[in-house]
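Visitor: dropping a prediction and its sequence here:
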Amino acid sequence: MKTILILIVGICFVSGADRSLFKTCGQSSFCRRCRNVSGPSNYVFVQGTLAVDKNSATVEIQNTQNFHIFTLKISGLMDNTFRVEMDEKSPLSPRFRVTEALQQEPILENIDVTISDSEIIIRSKMNRAVITKSPLKIDFYRNDVHALTFNGNGLLRFEELRTKPAVLDPSEDPDSWEETFMDEVDSKPRGPEAVAVDFYFPESEVLFGIPEHCDSFALRTTLGDEPYRLYTLDVTGYEIDSRMPIYGAIPVLYGHGAGQTTGVFWHNSADTFVDVHDKKTVHFISETGIIDVFVLLGPSPKETFIQYTKLTGVTNLPQLHNLAYHQSRWNYMTQQEVIEVVDNFDLVDIPLDTVWLDIEYTNGKRYFTWDKSTFPQPLEMMQNLTDLGRYLTFIIDPHVFVDEDYSFYAQNRARGYYIKNSDGSDYQGVCWPGMSSYVDYFNPEARRFYADQYLLENFAENSVTTGIWNDMNEPTVFDVPEKTIPRDAVHFNGWEHRNLHSLYAHMQTKGTYDGMMRRSNGELRPFILTRAFFSGTQRYSAVWTGDNTDTWEYLEASIKMCLSISVAGISFCGSDVGGFFGDPEEELFVRWYQAAAFQPFFRSHANFDSPRREPYLLEGDSLAAVRDAIKIRYAMLPFWYTMFYEHERFGHPVMTPMLTNYPHDTRVFNLDNQYMLSDVLLVRPVTSKNATEVEVRFPPVDGITELWYDVTNYNKIENMAGGTNFYEVDRFKYPVFQRGGTIMPRKETERKSSMLMVDDPISLFVALDRNNEATGTLYIDDEKSFNYHHGEYLYLRFTFSDNSLSSHHIDDHAHFESSNKLARVCIADLNPRPLSATYTNARNETRELDVSYPDDVLYLVIETTDISLNDEWTIKLNYESGAKQNIICGGLLIFVLVLQFGKHLLN
């Protein structure tokens, strides 16, 4: 126990990652072997082996060094995608294939195949794959644009399974059959089984993707240095500007140039290194599995991102309150303290939706239990929160305390549901409770039993409205090298942990999602936050950037990390405001809130030993600035909700790099300190101390810079020399701009929580482009259920053109009776100024609307109280004719008054 306490204390007071705990490429035999390969390739096409069906072509490939035979299959897929699968033709035993990352089997596309003496051409619509027979190489084309080459540098290596020889070849890496790291022996019962290949992106000027790393958005060259590594690990105090692995591992990488974006999804969950040779060439190296690659041919960044989410899925629309502000800490220690936190937010007029409980709420770190000495009435606490318009989220980690008196542990052990050692005994390692076992979520029965624990009949002191936080699920084990389960541990169906390590958290969240769905009988959308993740985890969970630190560098890193995660399919991303570790200085704390208010997941969280730092403890200008940041988040919740609906519907990211919307502007390719929310807002957080101005890039389109408006007052941004502007900031001011040509919905009535905003009216902020036009959308439903999947919603398009604003239903089949009204319309930079406006709905009902020009903002306001959003309508601005009509009406009024006065005199 003393050792355990030392480990925990070390984690609480961390000062930086201990690199010695984690393997490098040089310490990993499989990476050394594959990185030492050089061309030309020794893999060739075997003549006479081509087999073709309507969707795929299969050939045999031979390694000319040992004559081993492999099968290579290329399939045409819908949405400009190819799939390349390479496996041994007759393996000694089956090799592991990832199945859980894809949301479904990909939809196949018909192909045509032609063959010559030197190559095979596979055509799928306007795309083609050209196989060069000797040495093996595959070139992919989108139309006639050369988008990607597979094995162009000849670095393909596929280690076939074989029986361990009695005497090892002295030329073979001595660690191929058994490997030791920090006194832990990896037995490698299947021997060496690595796979690797290089990819060349001819059109690329920047490479990005493969999260999660605390590094720049654009990938850096790694030749002669440590490659990027993908392996879900708890790297406590992870470093800035580092290629070390941390919590997430998503093996999708993009190459982008002004004329083409191409993606490669390396469908492998084993330990993986990615060597970046330059801006065009990468080398993927995995310890085990098969080569299973999806080639995404774009051609635009947005189309390529959508092609990836077509494969792995999207984030389901969250309940609206999950997009609001969350307050967390390790730990709120009592039931009374939870209510006091909410009350203190109310006292200083700061909105709040969710309070979080870390591990101390449990009975001795036994999940699915409560510590009754500190939380005597959990259901009463949850009801009190509900009465205040708030919610609760609590933590459920994967480690299970070894205690026969702990029912969840004992039942899992009796049923054989834990991960095993190679001798068949239950694997045990140290985590928060002490000695722990780990549920094997790859076993469907074990995962189902875990999911059952969320049902109210099994965990009565729970609620259908609580959110769940799955932490430590890399999985973390404190007392072993790399702080995780050994590679030769055994899972369901006999697969070693090395094959599926980075999928472990994904499978836990899949079980959590199942349990939460059944907890509410499929009615409520689950909210789950996970620290570790893989491709496809977005279907179940939000993520955050883990245990960051209280420095300006980590604030800046939060933007880069969430951008990389967003383009890898997970739009629901955020970071711990203020840093998990430490005690942020006041200016940093304020700037972090201002930045996080414009990131998808918005939560403040702090370590056990960090001083209390709820925002209500601030004073003066700092308190006011944080309050303003949180309130603008709440005002923009309709915009956030609409973006997440459109992410689910169309598959593009919510938070996206500048190159998504401006793919031809080379000056934004490496830009990762500003970003877009959809195509509406440009966000440039202040990430440096004592800043008085920041540089903002406003990319031109066809040589012309678009119009942009400051969202605080709708001042139009001028003097954008070359598309760049130095923008003045103060403590209250941070650069967020609405793009000209867009319409953004807001709710301007201030409330204590989003639950209390449900019926509040909507305001529309119209930012005109150079043609005096704008468009936007608004999505409305019940904000919590899956009824929208059955057509119960409103999806509206607003269009401003020819001095008229109109609202139309996008989906005629959908219907939802919304109580929301249109409060007002605010139109920026409108010249000339209208004198009035006329409202007309689809029933030809009309009325006049007042217009005004407030002194403190730079937009026209049309007061539209009581206009229903259920109706289709048009608001027409009145200019000259309206003015003349007003003069006539005024004259008639005077004439009537004179007549009345004359009658009075006569009487």
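Guide: Structure's in. What do you need?
Visitor: tell me the domain boundaries of the protein?
Guide: If you go by the TED database, the domain ranges for the chain are 19-162+190-312, 320-650, 659-878.
Visitor: tabulate these (CSV), appending distance to residue 182 and mean pLDDT.
Guide: Where you see a C-beta, it was placed from the backbone N, CA and C, and this is true even at glycine. Formatted as CSV, these follow (distance: least, Cβ to Cβ, whole Å; pLDDT from 0 to 100):
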stretch, distance to residue 182, mean pLDDT
domain 19-162+190-312, 8, 97
domain 320-650, 4, 98
domain 659-878, 35, 95
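Visitor: so can I have CSV of those domains showing distance to residue 174 and mean neighbour count?
Guide: Output for the domains of the chain, formatted as CSV (distance: least, Cβ to Cβ, whole Å; neighbours: other Cβ atoms under 10 Å):
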stretch, distance to residue 174, mean neighbour count
domain 19-162+190-312, 8, 20
domain 320-650, 17, 21
domain 659-878, 41, 18
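Visitor: okay if I get those as a markdown table plus distance to residue 171?
Guide: Below are these laid out as a markdown table (distance: least, Cβ to Cβ, whole Å):
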| stretch | distance to residue 171 |
| --- | --- |
| domain 19-162+190-312 | 11 |
| domain 320-650 | 24 |
| domain 659-878 | 42 |
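Visitor: ok so residue 556 is a helix residue?
Guide: Yes. According to DSSP: H, G, I helix; E, B strand; the rest coil, residue 556 belongs to a helix.
Visitor: quick one, what contacts it?
Guide: 673, 687 (Cβ atoms under 8 Å, 6 or more residues apart in numbering).
Visitor: go on, residue 103?
Guide: By Cβ under 8 Å, 6+ apart, the contact list for residue 103 reads 311-313, 536, 539.
Visitor: thought residue 828 was touching residue 714?
Guide: Yes. Between residue 828 and residue 714 there is a contact under Cβ atoms under 8 Å: 4.0 Å.
Visitor: anything in contact with each of the two?
Guide: Here residue 828 and residue 714 have 738, 765, 767, 858-859 as joint contacts, going by Cβ under 8 Å, 6+ apart.
Visitor: can you flag which of the residues you listed belong to strands?
Guide: Judged by DSSP state E, these include 738, 765, 767, 859 as members of strands.
Visitor: just put these in CSV and tack on distance to residue 502.
Guide: Output for these, formatted as CSV (distance: Cβ to Cβ, whole Å):
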residue, distance to residue 502
738, 39
765, 42
767, 42
859, 49
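Visitor: and which of those is nearest to residue 591?
Guide: residue 738 (21.1 Å; Cβ to Cβ).
Visitor: identify the bridge partners of the closest one.
Guide: Residues in a beta bridge with residue 738, per DSSP bridges, are residue 681, residue 709.
Visitor: ok, now residue 418?
Guide: Going by DSSP bridges, residue 418 forms beta bridges with residue 439.
Visitor: likewise residue 230?
Guide: Assigned bridge partners for residue 230, using DSSP bridges, are residue 272.
Visitor: right, and it touches residue 272 too?
Guide: Yes. Counting by Cβ under 8 Å, residue 272 is a contact partner of residue 230 at 4.3 Å.
Visitor: shared neighbours, the two?
Guide: Listed as contacting both residue 230 and residue 272 by Cβ under 8 Å, 6+ apart are 249, 251, 502.
Visitor: what's near enough to touch the first one?
Guide: By Cβ under 8 Å, 6+ apart, the contact set of residue 249 is 211-212, 230-232, 269, 272, 502, 532-534.
Visitor: mark which of these are part of strands, please.
Guide: Per DSSP E, the subset of those in strands is 230, 272, 533-534.
Visitor: between these, which is closest to residue 364?
Guide: If you rank those by distance to residue 364 using Cβ to Cβ, residue 533 comes first, at 28.2 Å.
Visitor: residues touching residue 177, list them.
Guide: By Cβ under 8 Å, 6+ apart, the residues touching residue 177 are 164, 168, 188, 191-192.
Visitor: let me fix that, I meant to ask about residue 718.
Guide: Contacts of residue 718 by Cβ under 8 Å, 6+ apart: none found.
Visitor: quick one: it from residue 634, how far?
Guide: According to Cβ to Cβ, to the nearest Å, residue 718 and residue 634 sit 30 Å apart.
Visitor: and residue 586, by the same measure?
Guide: Residue 586 is 23 Å from residue 634, by Cβ to Cβ.
Visitor: ok, now residue 58?
Guide: 56 Å.
Visitor: try residue 172
Guide: For residue 172 relative to residue 634 (Cβ to Cβ), the value is 62 Å.
Visitor: can you map out the strands along the stretch 751-900 of the chain?
Guide: Along the stretch 751-900 of the chain, counting by DSSP state E, counting those that start in this stretch, strands occupy 762-767, 774-780, 794-801, 804-809, 821-828, 836-841, 846-849, 851-852, 859-868, 873-878.
Visitor: ok, the third one: who's next to it in the sheet?
Guide: In its sheet, strand 794-801 lies beside strand 774-780 (antiparallel), strand 804-809 (antiparallel), with partners assigned from DSSP bridges.
Visitor: ok so, going back, and which of the ones in strands among the contacts of residue 249 is nearest to residue 133?
Guide: Distances from residue 133 to the ones in strands among the contacts of residue 249, taken by Cβ to Cβ, are shortest for residue 272, at 28.5 Å.
Visitor: quick one: contacts for that closest one?
Guide: By Cβ under 8 Å, 6+ apart, the contact set of residue 272 is 229-231, 249, 251, 266, 284-287, 502.
Visitor: now the contacts of residue 103 in CSV, with secondary structure and distance to residue 579?
Guide: Shown next, in CSV, are the contacts of residue 103 (DSSP: H, G, I helix; E, B strand; the rest coil; distance: Cβ to Cβ, whole Å):
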residue, secondary structure, distance to residue 579
311, helix, 35
312, helix, 30
313, coil, 31
536, coil, 29
539, helix, 29
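Visitor: kindly reformat these as JSON lines containing distance to residue 258.
Guide: Shown next, in JSON lines, are the contacts of residue 103 (distance: Cβ to Cβ, whole Å):
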{"residue": "311", "distance to residue 258": "26"}
{"residue": "312", "distance to residue 258": "27"}
{"residue": "313", "distance to residue 258": "30"}
{"residue": "536", "distance to residue 258": "31"}
{"residue": "539", "distance to residue 258": "33"}
